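# Next one to model:
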Amino acid sequence: MDRLVYQSNDETQTDALGAALAEVLPNGTVVALCGTLGAGKTRLVQAIAQACGVDRRSVTSPTFVLAQHYHGRRTIHHLDAYRLNTPDEFLDLGAEEYFQSDGLVLIEWADRVDACLPPDRVDVQIEVESDTSRRFEIVGRGPRCSAAVEALAAILRG
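Residues are numbered from 1 along each chain as shown. Just a heads-up that it's a prediction; the model follows:
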């Protein structure tokens, strides 16, 4: 398991993190996004999507529709577990099928469905530090995702 802490002082730095993630995440990676309301989960998804060739304006929080799908240079499955009452409701969205796909699977409020997530994944915990700054703790779980977090750290170090 590899762990990286990234300090973002503004949206430009969050966009840089999203672009770097888009570069290093292998196809089929599940990214579990956790943080309070307004922490920046959707903002990070927008940054990843933009780096994958998706118009960031088309990326919205899937809180009410539960799942959005974007197609650019890579396919992104954007799921939201906030309104779900049980892990079974998450599985009913077809989560396991997405986990088997070549697309990136980005899950907001993933802590609500932790028991359903694959063991090889990237966990992103976002903490609000001020109106503009965020602290991202990124953990690679499993060999494939640990290697991706190591590559991410190398890119961010420059």
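
# helix or strand right after the least confident helix or strand in the chain by mean pLDDT?
Between all helices and strands in the chain, the lowest mean by mean pLDDT, DSSP states H and E belongs to helix 87-92, at a mean of 88. Per DSSP states H and E, the first helix or strand lying C-terminal to helix 87-92 is helix 95-99.

# what lines up beside the next helix or strand after that next one in the sheet?
Sequence-wise, the next helix or strand beyond helix 95-99 is strand 104-108, with elements assigned using DSSP H and E. Partner strands and pairing direction for strand 104-108 (DSSP bridges) are strand 30-34 (parallel), strand 75-80 (parallel).

# what's next to the last one, contact-wise?
Here strand 75-80 makes contact (CB atoms under 8 Å, 6 or more residues apart in numbering) with 45, 48-49, 52, 54, 59, 61-63, 66-70, 90, 93, 95, 98, 101-109. C-beta here means a position set from N, CA and C on the backbone, and glycine is covered the same way.

# Buried by neighbour count, from these: which ones?
Burial of the contacts of strand 75-80 was assessed by neighbour count (16 or more other CB atoms under 10 Å); the buried members are 45, 48-49, 52, 54, 59, 61-62, 66, 68, 70, 90, 93, 95, 98, 103-109.

# Give me the three-state assignment for the nearest residue to Ser101 once chain neighbours are set aside.
Counting by CB to CB, 6 or more residues apart in numbering, the nearest residue to Ser101 once its immediate chain neighbours are dropped is Gly28, at 6.5 Å. Local secondary structure at Gly28 is given as coil here, using DSSP: H, G, I helix; E, B strand; the rest coil.

# ok, Gly28 - contacts?
When contacts are counted by CB under 8 Å, 6+ apart, Gly28 touches 99-105.

# List the buried residues in the least confident helix or strand of the chain.
Residues of helix 87-92 classed as buried: 87, 89-90 (neighbour count, 16+ other CB under 10 Å).

# same thing with stretch 108-125?
By 16+ other CB under 10 Å, the buried positions in stretch 108-125 come out as 108-110, 112-113, 116-118, 120-125.

# same check, this time on stretch 29-36
29-35.

# Show me how far that stretch is from its chain's centre.
Distance, stretch centre to chain centre, for stretch 29-36: 5 Å (CA atoms, centre = their mean, to the nearest Å).

# who touches that stretch?
Counting by CB under 8 Å, 6+ apart, the neighbours of stretch 29-36 from elsewhere in the structure are 21, 25, 41, 44-45, 48, 99, 104-111, 114, 117-118, 120-128, 144-145, 148.
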